[in-house]
Every structure is written in structure tokens, then in C-alpha cells.
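> Have a look; sequence and predicted model below, questions after that.
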Amino acid sequence: MAEEAIQEEDITESSEAEKQSGDENSSTMLTNLPSPDGDDQDEAGGEETADASDEEDADSDSDDGETEAAVNYDELSIPEGIDIDEAAFGKFKEIAKTMNNGKGLSQEDAQKIVDVRVEMVKSQVDEWEQTFSEWRGEIFSDKELGGDNFERSTVPNVMAAAERYGDKDMIRLLKTNKLYGENPSLIRLLNRVGETLREDSHTRGKPAQGAADSQEAKLKRMYPSHYQDKE
């Protein structure tokens, strides 16, 4: 009986020690190592894996449904009178489809971004129009360039300089691009260059009548509004 009591006491102490060791150290340096035969996973781990797999399948099904109901960004609206870069707009649509974790932006959110960009463009256009208006005012009020001198000498001088030292692209920009054709600094420079050329031409002799008529025709094509009142 004594031996049995001693053995029972030893077993009890051993079990209690194992229990305390497990409570104090829930894992060891060997916990995450695979067993030699790979069969040491418990049932709870298997259930967790199955649950995770089910959740992934559910998410996949949900994503498929959202992909089928993709937003049609071609319905985004642009206000009339606003010119857009179609290539850049197309790139924005492609980027919008990849946002929101691959689900794409909603129609409402995409339209908000477009509206903000439109306001930025309108603001820039208004600022440039204000600048162009100030440039025209500066040219017409300038004693050297404006007043009666504008039609009589400034325009002919500018055209003479552009034709002598420029090319077709230069002349086209002067006629179609306000950054060039209404820039006071550029007009002033070309006017002085052209004035020198015209003075040199007068020194050598007056041009033929046909050449003068041709020059006037060119000026009318370049600045038609300035000749309407005169006619």
C-alpha cells in the first residue's frame, strides 16, 4: 500500500508540474516546427483552415458580383465649352477602375474628381483670358505700338520681321496663338526689328505697287477686325 501511495503521489506531482509548465509557457522554440511525418496538426487547426477557406470563397464570390456590376465611366459628364484631352480622360477611367482595392470608384466619387478638375481648368482659362486682355490693353495704349501706329506701322513691322527671320510656323503662331500674337514683349521686339528692315528697304528704294498691295492684303488676313471699321 505504501508503494502504491508513493507511486500515486509521484504521478500526481508529475501531472501538476506538466500543467503548470503548460500554463506558463503556451509555446516553445519547437512549437512551430513541423513533425517528421507532417501529421501533427490538431483538429481545431483543421477547422480554422476550413473556415478561412470558406471566407475566401465568399469574398471571391462577392468580388465577382461587384465586377459584373462595374461602373460605366463613359457616363461621366463634362460641362459644355470645356475641351478635354481624350487620351488623359481615358487614362483616368482606367485608373479609376483599379482604385478602392480593385473594386473601382463609384460613379459619384469619379464624377466628384472630374468636377474638381473641370473647376481647375476653368480657373486657369479665366486667368489666361485676363492676362490676354491686359496684354492687348498694354499694346494698344503703348505710344510706340498702339493708337494709329498699330495699323500704320506696328502690324507691317511685325509681319516684315516674321517673314524675314521666321518661318511658316512662326507666322502661324503669331496669327493663331495669343501667347505669341498678343504678347507685348514679343510684339515690341518684332516691331523694332521690322522697323529696321522697312527703313533699309526705303533707303534702297520704294517697293513696287503690287508688293505694297500684297502686304496690305496680308495685314487684313492677320488682323481683319482692325480693318473692318476702316472700310
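Cool, the structure landed.

> where does the closest residue in space to residue 174 that isn't next to it in sequence land on pLDDT?
Sequence neighbours aside, residue 181 is the residue nearest to residue 174 in space, at 4.6 Å (criterion: Cβ to Cβ, 6 or more residues apart in numbering). Where C-beta positions appear, they are placed from N, C-alpha and C, glycine not excepted. At residue 181, the pLDDT value in this model is 93.

> who touches residue 181 in this structure?
173, 174, 175, 187 (Cβ atoms under 8 Å, 6 or more residues apart in numbering).

> which one of those residues is nearest residue 138?
residue 187 (9.5 Å; Cβ to Cβ).

> measure the closest one to residue 164 for me?
16 Å (Cβ to Cβ, to the nearest Å).

> of these two, who's got more company?
Neighbours were counted for residue 187 and for residue 164 using other Cβ atoms under 10 Å; residue 187 has more, 23 against 12.

> in the helix or strand hosting the more buried one, what's buried?
Using DSSP states H and E, residue 187 sits within helix 184-204. For helix 184-204, the neighbour count (16 or more other Cβ atoms under 10 Å) marks 186, 187, 188, 190, 191, 193, 194, 195, 197, 198 as buried.

> Other residues contacting it?
135, 138-139, 142, 144-145, 153-154, 156-162, 164-165, 180-181, 207.

> among the buried residues of helix 184-204, which two are most distant?
For the buried residues of helix 184-204, and using Cβ to Cβ, no pair is farther apart than 186 and 198, which are 18.1 Å apart.
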